[in-house]
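1. need the 3D shape of this:
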Amino acid sequence: MKVAVSDRKVVDVQKTGADRFLDSADVRMSGTFRSLASAIMGDGALSAREKALIALACSVAIRCESCTRRHMEQARALGVTREEMLEAAAVASLIRMGSGLNAAAVILDEMQEAASKR
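-> Purely as a prediction, here's the structure:
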């Protein structure tokens, strides 16, 4: 499947479940989604390259393997280096770990609340 990664560059990528779903969905819906994605991911205040790196990190953070593969291919096509991808993935992993610790802090809050009611 060919995907535009910038106004000037198109790359071949593997189809994801999302692609298969959009291919079978109403053409207006799939066209609208793909048009929005193209508009968001193109050059703007952030370059398409920077956006590809952000998308890769977000994919890692939400733990979507097919998204990670897709955004890695797109980032690579835009010149993102292996080291940049690994660093972005490390940042995403740190954020994911931090959100886990924030969720775990609920235990402390609940225990403190229970102790104060005694």
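
2. so where do the strands sit in the chain?
-> With DSSP state E applied, the chain shows strands at 2-4, 10-12, listed in chain order.

3. pLDDT value on S93, please?
-> Each residue has a pLDDT score; the one for S93 is 97.

4. quick one: contacts for it?
-> By C-beta atoms under 8 Å, 6 or more residues apart in numbering, the contact set of S93 is V60, A61. (Each C-beta comes from the backbone N, C-alpha and C, glycine too.)

5. low-confidence stretches in the chain?
-> Residues of the chain meeting the criterion pLDDT under 70: 1-13.

6. run the last query once more with 50
-> By pLDDT under 50, the chain has no low-scoring segment.

7. and the helices in the chain?
-> 17-24, 27-41, 48-61, 65-77, 82-116 (DSSP state H).

8. for the fourth one, which positions count as buried?
-> Just to be clear, that refers to helix 65-77. For helix 65-77, the neighbour count (16 or more other C-beta atoms under 10 Å) marks C67, T68, R70, H71, M72, E73, Q74, A75, R76, A77 as buried.

9. can you redo these as JSON lines with distance to D43?
-> Shown next, in JSON lines, are the buried residues of helix 65-77 (distance: C-beta to C-beta, whole Å):
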{"residue": "C67", "distance to D43": "21"}
{"residue": "T68", "distance to D43": "23"}
{"residue": "R70", "distance to D43": "19"}
{"residue": "H71", "distance to D43": "17"}
{"residue": "M72", "distance to D43": "20"}
{"residue": "E73", "distance to D43": "19"}
{"residue": "Q74", "distance to D43": "14"}
{"residue": "A75", "distance to D43": "15"}
{"residue": "R76", "distance to D43": "18"}
{"residue": "A77", "distance to D43": "14"}
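
10. which one of those is nearest E84?
-> The shortest approach to E84 among the buried residues of helix 65-77 belongs to A75, at 7.9 Å (C-beta to C-beta).

11. against M85, how distant is the closest one?
-> Counting by C-beta to C-beta, to the nearest Å, the gap from A75 to M85 is 6 Å.

12. E50 too?
-> Distance from E50 to M85, by C-beta to C-beta: 13 Å.
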